[in-house]
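Asker: With the input below, show me the fold.
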Amino acid sequence: MICEQAWPPGRPARELALLALHSQDELEIVGALELLAQAGIPAEAACRADPAPLVAIGSTFGPLNPEPLAAVADIVFEGFGPLVWEAGVRALHAQPPGIPRQARLEQLASVPGLYIPALYETTGRDARALLVPRPRGAAPARIHPPAASWLLAADPGSGTGAAGPLEVCAVLHDRGAEDAWRRGLEAVLSDAVPGRPVVVTGIAGASGGQAADLAWLLDAAAARRVPVRVPALPAAAITEPLAARLRAQGQERITLPLAAGSGRVRGGVGGATLDEDLHEAFEALVRARFTQITLAAWVGVPGEGTEGAPAIVALVRKLVHGAVRALGDARSLPAVALSLRSFTPRPWTQFERLPMDSVATLQAKQAQIRRAFRGDPSLHVLEDRPGWAVRANLVTRGDRRVGAVLAAVHEAHEDWESALREVNLNPAFYLERQHPEAAELPWGIVQWGPEPPFWLQPWERGGFWGKGSSGN
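Answerer: Purely as a prediction, here's the structure:
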């Protein structure tokens, strides 16, 4: 993978054979287009010709719906970045020099996990149907990303220098690979600077056994005199001894995901179904004397109806008041924040066909919760911006027509409203209606095998809505 900090000195990016851009969320794609413009590379794939580099877009941590990227990417990496990137770069390097651009792309189409938009055409049954890709010629009918049983990705932190934290995503998918995963994580810890914090994400929530994995991590880090920070922990992973150990290493803030207010709905989105489990976890964090505890809740989860906002209010009050009763002194409470996040139905989950709440509905639910806690000195309410959640979900659940929006947003200097008017596209067409069970979906071109990718499995475990149907 090549980024702006890894270009060979004095060599313009437009002279590279492949420019691979890593995206951690959907809206970063617009920033990637600005990067191309600064390098003198056309933002739209159809406008590029030899000797311009092939532009690839991928993500280390999650799957991408490739169709909205078709207008701007020559290649979309599907699956774990390192597994796909290495194979793609090797295949590109093996090509003889001088072959035409289209021939290069056709040869790369055989690499597992590489999606070549130019080799597919889109069709839709009617005006209300999403455009779905169909292969041309010998292009694969389905993209099968390579499987991975575990993931380690280390990031030294942007602009923080040697004194900043080392950020590590450490996810175990298959318990059969536990030994290899732990050896890899031990190697990362061994390379860390003693005394420099290591922020670990992903370790709790992928494959079960979270408390045991965390206890092992703390032991391994302590042996190397490396303090560990775990920004968020599900209730199932929190015990009083574990919370105390994290606090003793200097961690001051932590997030406890609530998922939703209702236990019935929480079970469908991978949260703790019992209020008692959340009570025990919250009290353990309070007793450990964290200085700030953030309670994170989804707003607009399908199936919650009008009960969602009142249920969140009731649950948070029970947690806070229960902790006060257990401690016997309200002054012992840390700073508590309630973080409200707009729920976005995503591909490859049981929510992929369900509508997303409108911006107005999400804002009304947020306002209802905010009013309930107005004047409460024990809690601070934080809110995301539903408009941005809608834009991100448009890229996540759109079809090839959304690519024109991305290009227009880039041309309009990230003025989304102007770009949507120019392209004449209404996000509600993609987001605020339910797609029929028999309808094909654009992201169905990517097949994740008999089970969904592990980072989506917590959504499935509740079994409340059933599995998605795009080929999983």
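Asker: mind listing what residue 289 touches?
Answerer: With contacts defined as CB atoms under 8 Å, 6 or more residues apart in numbering, residue 289 is in contact with 247, 334. No exception for glycine: its C-beta is placed from N, CA and C like everyone else's.
Asker: Next, it: secondary structure please.
Answerer: Three-state assignment for residue 289 (DSSP: H, G, I helix; E, B strand; the rest coil): coil.
Asker: Check what pLDDT it gets.
Answerer: Per-residue pLDDT puts residue 289 at 93.
Asker: can you check residue 128 too?
Answerer: According to the predicted model, the pLDDT of residue 128 comes to 79.
Asker: since we're on the closest residue to residue 195 other than its chain neighbours, how many residues are nearby?
Answerer: Closest residue to residue 195 in three dimensions, ignoring its sequence neighbours and counting by CB to CB, 6 or more residues apart in numbering: residue 225, at 6.5 Å. Around residue 225 sit 11 other residues, with neighbours defined as other CB atoms under 10 Å.
Asker: Report the separation between residue 225 and residue 110.
Answerer: 48 Å (CB to CB, to the nearest Å).
Asker: again with residue 153
Answerer: Counting by CB to CB - residue 153 and residue 110 are separated by 26 Å.
Asker: So for these two, which sits in the more crowded spot?
Answerer: For the pair residue 153 and residue 110, the greater number of neighbours falls to residue 153 (17 against 12), based on other CB under 10 Å.
Asker: Skipping adjacent residues, who's closest to that one in space?
Answerer: Ranked by CB to CB, 6+ apart and with sequence neighbours excluded, the top spatial neighbour of residue 153 is residue 169, at 4.5 Å.
Asker: how about that neighbour, what does it touch?
Answerer: Contact criterion CB under 8 Å, 6+ apart gives 60, 61, 151, 152, 153, 154, 155, 200, 201, 202 as the residues in contact with residue 169.
Asker: The residue nearest to residue 195 sits in which helix or strand?
Answerer: Under the criterion of DSSP states H and E, residue 225 resides outside all helices and strands.
Asker: Got the domain ranges for the protein?
Answerer: Per automatic domain parsing, the domain ranges recorded for the chain read 13-135, 147-230, 231-461.
Asker: Which stretches in the stretch 101-250 of the chain count as helices?
Answerer: Using DSSP state H, counting those that start in this stretch, the helices of the stretch 101-250 of the chain run over residues 101-108, 178-191, 210-223, 240-248.
Asker: Any regions of the protein where pLDDT drops low?
Answerer: 1-10, 60-62, 81-82, 124-126, 156-163, 204-209, 264, 267-273, 449-472 (pLDDT under 70).
Asker: do you know how far residue 307 is from residue 298?
Answerer: Using CB to CB, we find residue 307 at a distance of 13 Å from residue 298.
Asker: The two: who's more crowded?
Answerer: In this comparison of residue 307 against residue 298, neighbours counted by other CB under 10 Å, the higher total goes to residue 298 at 22 against 15.
Asker: ok, now which ones touch the closest residue to that one other than its chain neighbours?
Answerer: With CB to CB, 6+ apart as the measure, residue 343 is the residue that lies nearest to residue 298, at 4.3 Å, once sequence neighbours are left out. Neighbour list for residue 343: 269, 298, 299, 300, 301, 302, 356, 357 [criterion: CB under 8 Å, 6+ apart].
Asker: next one: residue 119
Answerer: Contacts of residue 119 (CB under 8 Å, 6+ apart): 105, 106, 109, 135, 136, 137, 139.
Asker: Show me what the helix or strand residue 258 falls within is in contact with.
Answerer: Secondary structure assignment for residue 258, by DSSP H and E: strand 253-259. Applying CB under 8 Å, 6+ apart, the external contacts of strand 253-259 come out as 230-235, 238, 243, 246, 265-266, 269-272, 278, 281-282, 285, 290-298, 301, 312, 315-316, 339.
Asker: how about that strand: buried residues?
Answerer: In terms of neighbour count (16 or more other CB atoms under 10 Å), strand 253-259 has its buried residues at 254, 255, 256, 257, 258, 259.
Asker: Tell me the spacing between the second one and residue 276.
Answerer: I take that to be residue 255. The separation that residue 255 has from residue 276, given CB to CB, amounts to 20 Å.
Asker: same thing with the fifth one?
Answerer: As defined by CB to CB, residue 258 lies at a distance of 14 Å from residue 276.
Asker: Helices along the stretch 351-472 of the chain, start to end?
Answerer: Chain-ordered helices for the stretch 351-472 of the chain, with DSSP H, counting those that start in this stretch as the definition, fall at 359-372, 386-397, 402-411, 416-423, 428-431, 457-461.
Asker: out of those, nearest to residue 35?
Answerer: Distances from residue 35 to each of those were compared using CB to CB; the minimum, 10.3 Å, belongs to helix 402-411.
Asker: Mind listing what's buried along stretch 236-247?
Answerer: 236, 237, 238, 242, 243, 245, 246, 247.
Asker: ok, now which ones touch residue 436?
Answerer: residue 353.
Asker: distance of it from residue 132?
Answerer: If you measure residue 436 against residue 132 using CB to CB, the figure is 13 Å.
Asker: Let me see the ranges of the strands in the stretch 51-200 of the chain.
Answerer: Taking DSSP state E, counting those that start in this stretch as the test, the strands found in the stretch 51-200 of the chain are 54-58, 75-77, 114-115, 120-123, 132-135, 150-155, 166-172, 198-201.
Asker: strand partners of the fourth one, parallel vs antiparallel please.
Answerer: Using DSSP bridges, the strands paired with strand 120-123 in its sheet are strand 132-135 (antiparallel).
Asker: Can you tell me what sits against the partner strand?
Answerer: Defining contact as CB under 8 Å, 6+ apart, one finds that strand 132-135 is touched by 67, 70, 117, 119-124, 141, 399-400, 440-442, 444-445.
Asker: Go ahead and confirm residue 213 touches residue 181.
Answerer: No. Residue 213 lies out of contact with residue 181 (CB atoms under 8 Å); the separation is 9.1 Å.
Asker: which residues are common contacts for these two?
Answerer: residue 172.
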